[in-house]
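Participant: I need the structure of the sequence given here:
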Amino acid sequence: MQSTSPSILVVIPTYNERESLPQLAAEVFEALPACEILVVDDASPDGTGDWCKSQQNNHLKLLTRRGKAGIGSALLAGLRYGQRNDYRLVVTMDADFSHLPTELPQLVGAIEDSGSDQVRDVVIASRYIAGGSIAGWPLRRIVMSRLVNWFARWFLGLRVRDCSTGFRCYRMATLGPILQENFYAHGYAFEEEVLFRLQRHGARLAEIPSQFFDRDRGGSKLNIGEAVKAGWVLIRLSLSRLWHCSTC
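Facilitator: Okay, the predicted model is just below:
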């Protein structure tokens, strides 16, 4: 008998997102009625995890971690959960409404499009292709983001315009083997690192336009320390790419 359990998992890392999560979860379920949500919560002191536990909804899952260990490690934990539980597709997105739930059907539809000339293993909701946009960022954040993406494209060889966004849909049949590798990044550079590892294994990456909105709830978790760590990870990946090419 064919399983009737959802085959799409939406992973949402959280830390102090009690204010935004109830509405976000409702809008995700409205956009993708057949999905399940996994909240990966780093022991939020504001009760984010407690709210999840209070919900009588079998399609809302909670993975609680002992403390704040970085968004990259939270995403990796969520993706590994998706692999262990045999989901076919896993979407990752932020908890603060910077990624629009209304774009979820298009994102999932792009990876499932059977009429496409080429099967897609990862589809990225991109800010940096035609039709994509960013609202609410100061110029310095835009410049920093552009520089990170330029570095990732040129030094890591990534063949997409938006390498750093966390709004994506992965085909788990392709992603699964990558998840057994040891990742360098525990923070924001995980976004580039997982694409780097996937592309190195022959994964096919695609982008669709996305409208990104700066956080209107909560506060930004990006700081100088995180930026330095991310830069170091990108340098390590770049060096590993050069070493790999030199031994080809």
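Participant: what about P13, which SS state?
Facilitator: P13 falls in the strand class when you classify it by DSSP: H, G, I helix; E, B strand; the rest coil.
Participant: To clarify, my last question referred to F212.
Facilitator: Here F212 is recorded as strand under three-state DSSP.
Participant: Tell me, how many residues neighbour it?
Facilitator: 22 (other Cβ atoms under 10 Å). Just so you know, the C-beta spots here come from the backbone N, C-alpha and C atoms, and that holds for glycine as well.
Participant: thought it was touching H99?
Facilitator: Yes - the pair F212 and H99 passes the contact test of Cβ atoms under 8 Å, sitting 7.1 Å apart.
Participant: shared neighbours of the two, which are they?
Facilitator: The contact sets of F212 and H99 overlap at F167 (Cβ atoms under 8 Å, 6 or more residues apart in numbering).
Participant: Next, the buried residues of the helix or strand where W154 lies.
Facilitator: Element membership of W154, judged by DSSP states H and E, is helix 139-155. Buried residues in helix 139-155, counted by 16 or more other Cβ atoms under 10 Å: S145, V148, N149, F151, A152, R153, F155.
Participant: One more: stretch 162-177?
Facilitator: Under 16+ other Cβ under 10 Å, the buried positions of stretch 162-177 are 162-172, 174-176.
Participant: taking those one by one, which sit in helices?
Facilitator: Among these, the residues falling in helices (DSSP state H) are M172, T174, L175.
Participant: Kindly reformat those as JSON lines containing distance to Y188 and pLDDT.
Facilitator: Below are those laid out as JSON lines (distance: Cβ to Cβ, whole Å; pLDDT from 0 to 100):
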{"residue": "M172", "distance to Y188": "23", "pLDDT": "96"}
{"residue": "T174", "distance to Y188": "23", "pLDDT": "95"}
{"residue": "L175", "distance to Y188": "19", "pLDDT": "96"}
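Participant: wait, which of the buried residues of stretch 162-177 is closest to G47?
Facilitator: G166 (23.4 Å; Cβ to Cβ).
Participant: got a list of what the closest one touches?
Facilitator: I71, L75, T92, M93, D94, H99, E191.
Participant: Check what pLDDT the closest residue to the first one other than its chain neighbours gets.
Facilitator: Of all residues not flanking I71 in the chain, P13 sits nearest, at 5.3 Å (Cβ to Cβ, 6 or more residues apart in numbering). P13 carries a pLDDT score of 97 in this model.
Participant: low-scoring pLDDT stretches of this protein, where are they?
Facilitator: 1-5, 114-117, 216-230, 241-248 (pLDDT under 70).
Participant: If we use 90, what do you get?
Facilitator: Scanning the chain with the threshold set as pLDDT under 90 gives 1-6, 67-70, 112-119, 138, 140-145, 147-148, 150-152, 154-157, 184-189, 214-248.
Participant: just the helices in it please.
Facilitator: Using DSSP H, helices in the chain cover 21-31, 48-54, 71-84, 104-112, 139-155, 172-175, 190-200, 224-246.
Participant: rewinding a little: now what about the helix holding W154, what contacts it?
Facilitator: 128, 134, 137, 158-164, 192, 195-196, 227, 230, 234, 238, 241.
Participant: Quick one: residues contacting R88.
Facilitator: S7, I8, R171, M172, A173.
Participant: For those, which two are the farthest from each other?
Facilitator: Using Cβ to Cβ, these span at most 13.7 Å, a distance reached by I8 and A173.
Participant: Closest one of the ones in helices among the buried residues of stretch 162-177 to D121?
Facilitator: T174 (3.9 Å).
Participant: In this structure that closest one contacts Q199, no?
Facilitator: No - between T174 and Q199 there is no contact under Cβ under 8 Å: 10.9 Å.
Participant: which non-adjacent residue is nearest A203?
Facilitator: D121 (4.1 Å).
Participant: cool, R171 as well?
Facilitator: D121 (4.7 Å).
Participant: hang on, the one you found packs against Q199?
Facilitator: No - D121 is beyond contact range of Q199, at 9.5 Å (criterion: Cβ under 8 Å).
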